[in-house]
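Peer 1: what follows is a predicted structure for the sequence shown.
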Amino acid sequence: MLRIQRSTDRIIVFRLSGRIERQDIPELSRLFSMDAGKEIALDLRDVMLVDRSAIEFLIYCEAEKISLQNCPAYIRHWMNAGKRATPKSGELPTSLLEEREGCDGFQRSSFAGNGWERVIAE
């Protein structure tokens with residue numbers, strides 16, 4: 001479940017917590033469109049799980065000049081991998097990071113090491 005908190009100061013910040021999944025993207029897009037023309041940022045500090053669609057959406061957000069604040073390393077890692085897989089047209093392939101087939105998403109890990117772990121579909 002995704003929780004969204006909106007705050008304004010100089011810029012509009014949407015603080016996201018929980019999971020960002022495919023079904024959350026239309027609502028986030030709707031919220032962004034309500035603030036069209038304003039500077040928008042996403043605070044990702046409390047995001048614990050993202051799926052492939054969320055990674056693609058976050059890559060799109062950055063391309064649209066929406067800043068990502070407090071982006072966890074595991075999310076940045078998968079975004080960078082997605083950017084390398086992105087064709088020049090700017091459209092992400094549906095097979096983004098296809099080596100993760102069977103994986104529901106990625107989450108912050110409490111274990112030492114690289115800071116992220118796969119969440120395998122059961």
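Peer 2: Structure's in. What do you need? Residues are numbered from 1 along each chain as shown.

Peer 1: for residue 57, which non-adjacent residue is closest in space?
Peer 2: Sequence neighbours aside, residue 25 is the residue nearest to residue 57 in space, at 5.1 Å (criterion: C-beta to C-beta, 6 or more residues apart in numbering). From N, CA and C alone the C-beta is placed, and that goes for glycine too.

Peer 1: so what's that neighbour up against?
Peer 2: Residue 25 makes contact with 53, 54, 57 under the criterion C-beta atoms under 8 Å, 6 or more residues apart in numbering.

Peer 1: tally up the residues packed near the second one, please.
Peer 2: For residue 54, the tally of surrounding residues (other C-beta atoms under 10 Å) stands at 25.

Peer 1: same question, residue 55
Peer 2: 24.

Peer 1: can I get the CA coordinates of the strand ranked longest in the chain in CSV?
Peer 2: If you go by DSSP state E, the chain has its longest strand at strand 40-50. What follows is strand 40-50, C-alpha atoms only, in CSV (Å, rounded to 0.1, in the frame of the first residue of the first chain):
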residue,chain,number,x,y,z
ILE,A,40,7.4,19.1,-7.9
ALA,A,41,9.5,16.7,-5.9
LEU,A,42,9.0,13.2,-4.6
ASP,A,43,10.4,12.3,-1.2
LEU,A,44,11.2,8.6,-1.3
ARG,A,45,12.8,8.2,2.2
ASP,A,46,10.0,5.8,3.4
VAL,A,47,9.5,3.8,0.2
MET,A,48,10.1,0.1,1.1
LEU,A,49,9.1,-1.7,-2.1
VAL,A,50,8.9,-0.8,-5.8
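
Peer 1: residue 8 versus residue 34, what's the distance?
Peer 2: 12 Å (C-beta to C-beta, to the nearest Å).

Peer 1: intersection of neighbour lists for these two?
Peer 2: With C-beta under 8 Å, 6+ apart, residue 34 and residue 8 have no common neighbours.
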